[in-house]
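Student: Just need the structure, nothing else, for what follows:
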Amino acid sequence: MKTNTSSLAHQRGAATLLTALVLLISITLVTFLTAKAVLVETQMSANNYRAAQAMSAANAAMDYALAYFGDAGNNTFPCATANYPGNFVQNHTYIAGADLPTNSASVCIDNTTARPLTTPWGVTVNTTCVQNNGATTAGMIIATGWSDDGQAQRTVSQCVGTRALLSGNGPDQTLVSGGSVQLTGSAQIINRYNDLNIWSAGAVNIQSGAMETYIRPTDKEINELNFNELTSTQTSPTIPNVQKVSSNGLGTGTDIYQSDGVLAAAITATEADITAGGAGDGPDTFFDMFFPGIRKAEIARSAKASEQFFEADPGNSLAGLKGIVYVKGDASFGGNNSVGTAAAPVLLFIDGDFTLNGGDVFGVIYVTGKLLGAGSPNVVGTIITEGSVDRGAGTVTLVYSPFGGGSGGAGGLPGLTGIIAGSWRDW
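Tutor: Numbering: from 1, shown residues only. This is a model prediction of the structure:
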């Protein structure tokens with residue numbers, strides 16, 4: 001029997017060709033799909049990288065805006081395109097006329113609502129912050145960031161509001177000392193608001209000199225006196241609207257709290273904080289009693305932003321200043337100069353000893369060292385010193401005035417900006 005081997009051989013060749021073709025198509029499809037998957041993963045990775053860049057830029061812009069908004073004092077962040085020089089364009093943005101330090105981010109305050117509010121800085125803000133967070137003064141910072149190639153964009157927002165500097169209306173006393181009080185001149189200390197004049201961790205010496213303290217007469221109510229009468233520094237021929245409480249002849253009266261354990265414990269906590277490497281402003285410190293939740297560095301940054309930070313004794317260059325003023329080191333002030341006003345008081349922060357020889361100060365003086373001097377200054381407000389008070393001859397006149405709510409004709413001290421919890425948004 002004869003077999004057709006040629007036909008079978010041809011059939012085997014066709015099967016091999018078909019198998020090879022199927023394998024080739026399969027390999028091609030696998031390669032194509034693999035390449036497609038790699039391309040998609042590459043695109044996803046690139047998009048994630050761009051998104052991360054954009055978010056980093058937005059966060060950087062937010063950090064900068066929070067610092068600027070809190071420290072600059074003239075905080076204006078307009079959102080409208082027309083408010084940006086050269087129009088609102090990527091990689092070139094402005095804050096109150098100054099370029100951002102990052103080239104791929106922008107910041108503005110949303111002022112597009114129909115019912116805007118105005119903060120103490122004169123910034124128009126989004127009322128959504130007020131409605132959602134219960135704050136009476138708040139601003140919404142909107143920060144936008146882009147990736148390096150400009151294809152990705154992320155925006156974050158954060159509501160901020162005013163943080164009061166002092167606790168409540170500030171201390172009730174005219175003079176607060178973390179040490180002893182020695183006023184050998186003719187010091188006159190007056191508090192027509194409260195019955196408290198001196199609060200000290202150490203002893204108060206009124207056994208020599210002509211130091212006298214006064215409070216409002218018992219037959220007078222606060223609402224019977226106007227602001228000028230409450231804060232009058234007149235001492236000659238008589239001091240109006242007062243009754244004497246403590247003097248060399250009367251001894252220490254009820255308006256003086258001396259050798260107080262609370263202040264002594266706060267000074268101990270301050271010293272421990274400094275020993276541990278802190279600035280003496282941690283919890284339970286002397287500073288924390290009056291500026292809760294605030295750090296000395298924040299006050300310094302705010303003073304720097306308003307160009308009222310001094311690395312050395314500015315002397316009478318302090319004249320005319322208001323708001324937050326910070327002196328790093330010992331300082332002195334005198335002459336016929338004045339710092340602060342009734343409408344715009346000063347927080348004069350001296351990180352060292354302060355020699356007060358004259359002039360007029362309206363506001364709060366905080367001294368980390370000693371209060372010294374021998375002249376005849378007038379201070380309307382409060383003096384707080386971590387160290388002792390040791391003044392020589394002269395006639396210092398200290399008159400108490402509160403600042404927390406701008407009582408009577410007094411303005412309030414400036415505040416620091418704080419983040420309103422729960423208002424951060426990413427979209």
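Student: Every contact and neighbour count from this point should use C-alpha atoms.
Tutor: Will do.
Student: Report the secondary structure state of residue 317.
Tutor: Judged by DSSP: H, G, I helix; E, B strand; the rest coil, the three-state class of residue 317 is helix.
Student: how many neighbours does it have?
Tutor: A count of neighbours around residue 317, defined by other CA atoms under 10 Å, yields 12.
Student: what separates it from residue 350, distance-wise?
Tutor: When CA to CA, to the nearest Å is applied, the distance between residue 317 and residue 350 equals 14 Å.
Student: what's the answer for residue 265, then?
Tutor: Distance from residue 265 to residue 350, counting by CA to CA: 22 Å.
Student: The two: who's more crowded?
Tutor: Using other CA under 10 Å, the more surrounded residue of residue 265 and residue 350 is residue 350, with 25 against 16.
Student: is it fair to say the more buried one lies in a strand?
Tutor: Yes: applying three-state DSSP, one finds residue 350 inside a strand.
Student: show me the contacts for residue 178.
Tutor: Under the criterion of CA atoms under 8 Å, 6 or more residues apart in numbering, the contact list for residue 178 reads 200, 201, 202, 263, 264, 267, 286, 385, 386, 387, 388.
Student: Parallel or antiparallel, list what pairs with the strand ranked longest in the chain.
Tutor: Within the chain, and with DSSP state E defining each element, the longest strand by residue count is strand 153-163. In the sheet containing strand 153-163, its partner strands are strand 138-146 (antiparallel), strand 416-419 (antiparallel), strand 425-426 (antiparallel), by DSSP bridges.
Student: Please list the residues outside the last one that contact it.
Tutor: Outside of strand 425-426, the residues within contact range by CA under 8 Å, 6+ apart are 154, 155, 156, 157, 158.
Student: need these in JSON lines with pLDDT, can you?
Tutor: Conversion of the contacts of strand 425-426 to JSON lines gives the following (pLDDT from 0 to 100):
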{"residue": "154", "pLDDT": "82"}
{"residue": "155", "pLDDT": "80"}
{"residue": "156", "pLDDT": "81"}
{"residue": "157", "pLDDT": "79"}
{"residue": "158", "pLDDT": "78"}
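Student: would TSV of these with neighbour count be doable?
Tutor: Shown next, in TSV, are those (neighbours: other CA atoms under 10 Å):
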residue	neighbour count
154	22
155	22
156	19
157	22
158	22
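Student: Between which two of those residues is the distance greatest?
Tutor: With distance counted by CA to CA, no two of the contacts of strand 425-426 lie farther apart than 154 and 158, which are 13.8 Å apart.
Student: how about the strands of the stretch 301-427 of the chain, start to end?
Tutor: Counting by DSSP state E, counting those that start in this stretch, one finds strands in the stretch 301-427 of the chain at the ranges 309-310, 323-328, 331-333, 338-339, 346-351, 354-356, 360-367, 371-372, 378-385, 389-391, 397-400, 416-419, 425-426.
Student: Ok, the stretch 101-250 of the chain next?
Tutor: Listed in chain order (using DSSP E, counting those that start in this stretch), the strands of the stretch 101-250 of the chain are 105-109, 117-118, 124-125, 138-146, 153-163, 175-177, 181-183, 188-191, 198-200, 204-205, 212-215, 243-246.
Student: Excluding its own residues, what touches the helix or strand just after the last one? List them.
Tutor: In other words, strand 243-246. Past strand 243-246, further along toward the C-terminus, the next helix or strand under DSSP states H and E is strand 256-257. In this structure, residues lying in contact with strand 256-257 by CA under 8 Å, 6+ apart are 196, 197, 198, 199, 200, 246.
Student: So the first one is in contact with residue 172, correct?
Tutor: This means residue 196. Yes: Residue 196 lies in contact with residue 172 (CA atoms under 8 Å); the separation is 6.7 Å.
Student: Looking at the two now, which is surrounded by more residues?
Tutor: residue 196 (24 against 21).
Student: dump the residue contacts of that one.
Tutor: Residues touching residue 196, when contacts are defined by CA under 8 Å, 6+ apart, comprise 172, 173, 174, 215, 254, 255, 256.
Student: Tell me the buried residues within those residues.
Tutor: For those, a burial check counting by 16 or more other CA atoms under 10 Å picks out 172, 173, 174, 215, 255, 256.
Student: As a markdown table, the residues you listed with distance to residue 221 would be great.
Tutor: Formatted as a markdown table, the entries for the buried ones among the contacts of residue 196 read as follows, by distance: CA to CA, whole Å:
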| residue | distance to residue 221 |
| --- | --- |
| 172 | 17 |
| 173 | 18 |
| 174 | 19 |
| 215 | 12 |
| 255 | 17 |
| 256 | 21 |
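Student: for the residues you listed, which one is nearest residue 149?
Tutor: Sorting these by how near they are to residue 149, with CA to CA, puts residue 172 at the top with 58.3 Å.
Student: Go ahead and confirm the closest one touches residue 198.
Tutor: No: with contact taken as CA under 8 Å, residue 172 and residue 198 are classed as non-touching, separated by 9.5 Å.
Student: Now find how far off-centre stretch 155-174 is within its chain.
Tutor: Distance, stretch centre to chain centre, for stretch 155-174: 8 Å (CA atoms, centre = their mean, to the nearest Å).
Student: Quote the end-to-end distance of that stretch.
Tutor: Chord length of stretch 155-174, first to last residue, is 48 Å (CA to CA).
Student: cool, and stretch 313-326?
Tutor: According to CA to CA, stretch 313-326 extends 10 Å from its N-terminal end residue to its C-terminal end residue.
Student: got the buried residues for it?
Tutor: 313, 314, 316, 318, 319, 321, 322, 323, 324, 325, 326.
Student: Using CSV, list the CA coordinates for stretch 392-402.
Tutor: What follows is the C-alpha trace of stretch 392-402 in CSV, where atoms were taken according to Å, rounded to 0.1, in the frame of the first residue of the first chain:
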residue,chain,number,x,y,z
GLY,A,392,16.2,105.1,93.0
ALA,A,393,15.3,108.8,93.4
GLY,A,394,12.6,110.3,91.3
THR,A,395,8.9,110.4,91.1
VAL,A,396,7.5,107.5,89.0
THR,A,397,3.8,107.6,88.5
LEU,A,398,2.1,104.3,87.6
VAL,A,399,-1.6,104.3,86.7
TYR,A,400,-3.5,101.1,86.0
SER,A,401,-5.5,100.7,82.8
PRO,A,402,-6.9,97.4,81.3
